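**Q** Have a look; sequence and predicted model below, questions after that.
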Amino acid sequence: MERSSIAYHARLNRTLRKININELKSIKAMRVLMFGWEFPPHITGGLGTACYGLTKGLMKHGVEVIFVVPKAYGDEDQSAVRLVDASDIVVDPNDSEFKGLWDRIKYMEISSTIIPYVSPEKFEDMKIREELNKHRDEQHVLSRKYEFSGKYGPRLLEEVSRYALIGSALAAKEEFDVIHAHDWLTYPAGIAAKNVSKKPLIVHIHATEFDRSGQNVNPEIYEIEKRGMEEADFVISVSNFTRNICIEKYHIDPDKIITVHNAVEPADNMESPTVERNLDDKIVTFLGRITFQKGPEYFVEAARKVLDRYPNVRFVMAGTGDMQQKMIRRVAKLKMGTKFHFTGFLKGNEVNKLLAMTDVFVMPSVSEPFGIVPLEAMQSNVPVVISKQSGVSEVLKHAIKVDFWDVNALADAIYGLLAYPKLPEMATREGKSEVDNLKWENAAFLVKQVYERAIRLSSSN
Amino acid sequence: MRSICLYFQIHQPFRLRTYRFFDIGNDSNYYDEYQNRFIIRRVAEKCYLPANKLLLTLIRRHGQAFRVCFSISGTAIEQFEKYTPEVLDSFKQLAATGQVEFLAETYGHSLAGLKNKEEFKRQILMHSQRVEELFGIKPTSFRNTELIYSDEIGATIAEMGFYSILAEGAKHILGWRSPNYLYYNALNPRLRVLLRNFRLSDDIGFRFSNKAWSEWPLTAEKYVSWLNAFDPNQELVNIFLDYETFGEHHWKETGIFEFLEALPKTILTQSNFEFHTPTEIASLHQPVAPIHVPHATSWADEERDLTAWLGNELQEEAVSNLYALVSKVYACDDPSIWKDWLYLQTSDHFYYMCTKWFSDGEVHKYFNPYPSPYEAYINYMNVLSDFIIRVEKNSVGKLEYEGWPSLKSVYEFNNISGPPLPFVTQAPHFVRSDKKSSKLMAQPSDLIHFSDRKLKSALKNTDSEFIAKIIANSAEEVTDKILRNLTKQRGEEVKELAHEIKKVSKKALSEAVEEILLHIQK
């Protein structure tokens, strides 16, 4: 008995000696400190959805994620992440370390109200709420505890700065291997965390200021974006389209920018809403903000051309934005008011209903870093026409792609899908299976490889 | 005897312009003039002209021992006439050597063989006539668009009197057998089937310039050593290539022309293979067995099937919409409709709609002017929609239009049938001198090859009745030539006689021609 125990221990010791210490390290799960601005269900755009999909994908590859949001509501799905509410983090403003940090980052605190992601109506709405909440919001950004709005409100830049403080506090408190920051709002937090922890930083570009604002770029935001990319060990861009912007407009070293295309969550197994169609007319849909970036005017012009030849069709423009009134006027001028409909902003289920009624989905974006909506349309068995100036066009084969400015080509593609029945038949069938293969798991695998490279590089330095 | 057969395909489609739906009914100009001209000129310069020049040199250098074989699609011929007449001239020069065989094919390089037998035959007839007009040789062997072959297609071709047909030596039809024998059609044993040795063909066609290939660089010596490695009983090697292999697919810098130049000499001196063309092979070799091909094959892709043209619903839909028009098109009397009908049938248009290139192949992408099959389909369907409107308008209330090459003349074409003959290479009198062994009947068109001087003296000694028979039953080209070589008085006399004679049988016509040939030989 005793002898066999001795033999056992000898064997165990020999085995243990054989295991390389580095291998043991790699067995330990990789942990990521991830900074985002929103997390489902509280989202305003594609950013939150993408973060959610990515973290779920990373979990499948054994990566642990600590996900920091400015404000958590408690109803988020935390199966794949540990969600940290920045509003819960207490910092001591008198701590000399934070004081030093604050001095470095407070240049971002400016009084102008910039609200990059918000439509004019919402802005109005928010201003009113802002007034009402004033008494509560009067707590100073440098108080010990700070309640983030987590919105894209008028105090956004202040919140971004405060969020950076939180980043630095968390970096000191948590244990992790790599920092991952999503879009400019979180870059200062990412940089702060990197400075405290000396861990590698990865910034993820979902959109740049050029995509959001066209030529009216906000110089403060541009600066934050540029600095984030410069400080990062690696930059992940959601498309080659965006990668080129990072190279050309931000002058970032191409070698450190890696494209990882977004994916899409598998469609719910729920039956897609059955919609009774009382119209014989086919429906062509534009779904998105009615802003310069989304190219709504090209959709309107193409509609006129198609209607001239194919009368049994209706065009729907769903969404709101600063170009909406202009579009309404243009539609009236082109005398197609009875065939062209504006729905205003649609909520989740209404979107599904509209897609279920749609025969052709069109995304004529002038500049689209990725563009997830065409993928959702394809999941709902709708054929899509997308602009070549979109990141999503890089991953799709079974979509018809046109230059956003080429109204004739756009009209021709729409007409083809309406007039030649075999075309939508094949495009939807092949498109569905194509989209079903765009899995977050695969995107997450590529992201994990970027983490590994970053860790290897920073540990060898 | 061991034979090697070098065959080159020459084809260019009339590429379509970007044709928007709002052009439908407004604009019936479908073709991209600029691009077509540009491509034809480029390929002519890089391939057709230098390659033809080289072949002519080789034929002069090696005499009777070197032979090659071409097929030139009708759409390619028309574009040569339009954009690069010098290319046609160089083919005529090659034809005049008598050592080049020109094969028949469908005029429009079409899929008619799979979709409509009547249209298939019409197009073959049209093409044969065009080739005969241009090169003075009536095609006696056939090769279908992209080597598409099935038992049924072969049977139709046999029915039309051709001696041999070219097909792909696809693994799935050969099984354990070798392509290096002569086979015959499973439904009609009269038709010989030459099977492409795809390995040796692709060594030149695909792999020649590939530096990653273990055999790179390929020399004529190495190539001939592979020929010599075959079992001596294997008596036939068929190398079928796109002609554009020379200078276009492989640029001249790769040494492809040097390879072609060295090949005949190396084969003739270092192996016991002789160069022969398909019709010659049909008579020189005994077929070993029937080849069963119930489902059509082609020379395309790994699968050697039809999926490059008819592999998805877009292609099926476009093709079936097109061929649904057949009977209406035949009723049209508008020549521009006949032309478009042929040009729109060209297989390339359907090839552009192939979805296989998403996974399979550089090759498809390389030849495709469209960014995706969807665009190709939309563009084609827009054009077809306009064409349908025109056909509907023009055909209303009409029966078959007489100006079309009718099926009757297709059947008359059958007269070349009979046992396989040596491919007649030299000018026609070479055959006539050995009339007994030849079952080929003399044709009026045979006469145009002779010099005016020779013809003039022969006509002087020929009975007017024979001449009148020919005048009454021949193409303008022939009658003009004859009348030119008669005195004015005799010409009037013959014309009057011809008016009375009107139609004579093929046999009588042939005898009349032979009568003149007899005097020429004296």
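**A** Right, received. Where do you want to start?
**Q** How about residue B:288: what's its closest non-neighbour residue?
**A** Closest residue in space to residue B:288, ignoring its immediate chain neighbours: residue B:181 at 4.5 Å, by C-beta to C-beta, 6 or more residues apart in numbering or on different chains. Where C-beta positions appear, they are placed from N, C-alpha and C, glycine not excepted.
**Q** Check residue A:304 too.
**A** residue A:334 is the one closest to residue A:304 (C-beta to C-beta, 6+ apart), at 4.6 Å.
**Q** quick one, phi psi at the one you found?
**A** In terms of degrees, to the nearest 10, the main-chain angles of residue A:334 are phi -80, psi 0.
**Q** Tell me where the stretch 351-461 of chain A has helices.
**A** Per DSSP state H, counting those that start in this stretch, the stretch 351-461 of chain A carries helices over the ranges A:373-379, A:407-419, A:422-436, A:440-460.
**Q** residues touching whichever residue of the stretch 351-500 of chain B sits closest to chain A, list them.
**A** Residue nearest to chain A within the stretch 351-500 of chain B: residue B:378 (3.4 Å; C-beta to the nearest C-beta). By C-beta atoms under 8 Å, 6 or more residues apart in numbering or on different chains, the contact set of residue B:378 is A:400, A:412-413, A:415-416, A:420, A:423.
**Q** those strands in the stretch 51-200 of chain A, which residues are they?
**A** Secondary structure of the stretch 51-200 of chain A by DSSP state E, counting those that start in this stretch: the strands cover A:64-69, A:82-85, A:178-182.
**Q** do the stretch 151-300 of chain B as well
**A** Assigned by DSSP E, counting those that start in this stretch, the stretch 151-300 of chain B shows strands spanning B:164-168, B:183-185, B:192-196, B:236-242, B:273-275, B:289-291.
**Q** Can you measure across stretch A:242-260, start residue to end residue?
**A** 11 Å (C-alpha to C-alpha, to the nearest Å).
**Q** So which bits of that stretch are buried?
**A** For stretch A:242-260, burial by neighbour count (16 or more other C-beta atoms under 10 Å in any protein chain shown) applies to A:242-243, A:245-246, A:250, A:252, A:256-260.
**Q** picking that back up, please work out which of the strands of the stretch 51-200 of chain A is packed deepest.
**A** Mean neighbours per residue, mean count of other C-beta atoms under 10 Å in any protein chain shown, is largest over the strands of the stretch 51-200 of chain A for strand A:178-182, with a mean of 28.
**Q** That one pairs with which strands?
**A** strand A:31-35 (parallel), strand A:201-205 (parallel) (DSSP bridges).
**Q** Could you check the angle that strand makes with helix A:440-460?
**A** Strand A:178-182 runs at 130 degrees relative to helix A:440-460, counting by axes from the mean of the first three to the mean of the last three C-alpha atoms, to 10 degrees.
**Q** before we move on, back to that, tell me the most buried of the strands of the stretch 151-300 of chain B?
**A** strand B:164-168 (a mean of 28).
**Q** what's the model's confidence in that strand, averaged?
**A** Averaging pLDDT along strand B:164-168 gives 96.
**Q** Check which helices and strands it sits against.
**A** strand B:141-143, helix B:151-159, strand B:192-196, helix B:278-284 (3 or more C-beta pairs under 8 Å, 6 or more residues apart in numbering or on different chains; DSSP states H and E).
**Q** Repeat the analysis, applying 10 Å as the threshold.
**A** For strand B:164-168, the packing partners by 3 or more C-beta pairs under 10 Å, 6 or more residues apart in numbering or on different chains; DSSP states H and E come out as strand B:2-10, strand B:141-143, helix B:151-159, strand B:183-185, strand B:192-196, strand B:236-242, helix B:278-284.
**Q** now it against helix B:151-159, angle please.
**A** Using the same axes, to 10 degrees: strand B:164-168 against helix B:151-159 is 160 degrees.
**Q** chain center to strand B:164-168: distance?
**A** Going by C-alpha atoms, centre = their mean, to the nearest Å, the spacing between the C-alpha centre of strand B:164-168 and its chain's C-alpha centre is 12 Å.
**Q** Also stretch A:423-437?
**A** Distance, stretch centre to chain centre, for stretch A:423-437: 24 Å (C-alpha atoms, centre = their mean).
**Q** Whether that stretch contacts chain B - can you check?
**A** Yes - Stretch A:423-437 is in contact with chain B by C-beta under 10 Å from any C-beta of the partner chain, via A:423-427, A:429-430, A:434.
**Q** In chain B, spot the helix with the most residues.
**A** Longest helix in chain B, counting residues (DSSP state H): helix B:373-395.
**Q** got a pLDDT number for the closest residue to chain B within the stretch 201-350 of chain A?
**A** Nearest residue of the stretch 201-350 of chain A to chain B: residue A:309, at 5.7 Å (C-beta to the nearest C-beta). For residue A:309, the pLDDT comes out at 94.
**Q** got the residues of the stretch 201-350 of chain B near chain A?
**A** B:312-318, B:321.
**Q** Enumerate the beta-bridge partners assigned to residue A:316.
**A** residue A:285, residue A:341.
**Q** Tally up the residues packed near it, please.
**A** Using other C-beta atoms under 10 Å in any protein chain shown, residue A:316 is surrounded by 19 other residues.
**Q** Output the below-cut-off pLDDT ranges for chain B.
**A** For chain B, applying pLDDT under 70 flags the ranges B:357-367, B:400-441, B:521-522.
**Q** okay, now the domains of it?
**A** Following automatic domain parsing, chain B resolves into domains at B:2-11+B:31-291, B:427-521.
**Q** Tell me which of those sits nearest to residue A:30.
**A** Evaluated with C-beta to C-beta, the domains of chain B place domain B:2-11+B:31-291 nearest to residue A:30, the distance being 38.1 Å.
**Q** Please name the residues that touch residue B:8.
**A** By C-beta atoms under 10 Å, 6 or more residues apart in numbering or on different chains, residue B:8 lies in contact with B:51, B:55, B:68-72, B:100, B:239-246.
**Q** Who does it form a beta bridge with?
**A** residue B:70, residue B:241.
**Q** how much space between it and chain A?
**A** Using C-beta to the nearest C-beta, to the nearest Å, we find residue B:8 at a distance of 34 Å from chain A.
**Q** I'd say residue B:253 and residue B:208 touch.
**A** No - applying C-beta atoms under 10 Å, one finds residue B:253 not in contact with residue B:208, separated by 12.0 Å.
**Q** tell me what the helix or strand harbouring residue A:227 is packed against?
**A** Using DSSP states H and E, residue A:227 sits in helix A:219-231. Helix A:219-231 sits against helix A:156-173, helix A:187-197, strand A:201-205, helix A:209-213, strand A:234-237, helix A:240-250, with contacts defined as 3+ C-beta pairs under 10 Å, 6+ apart.
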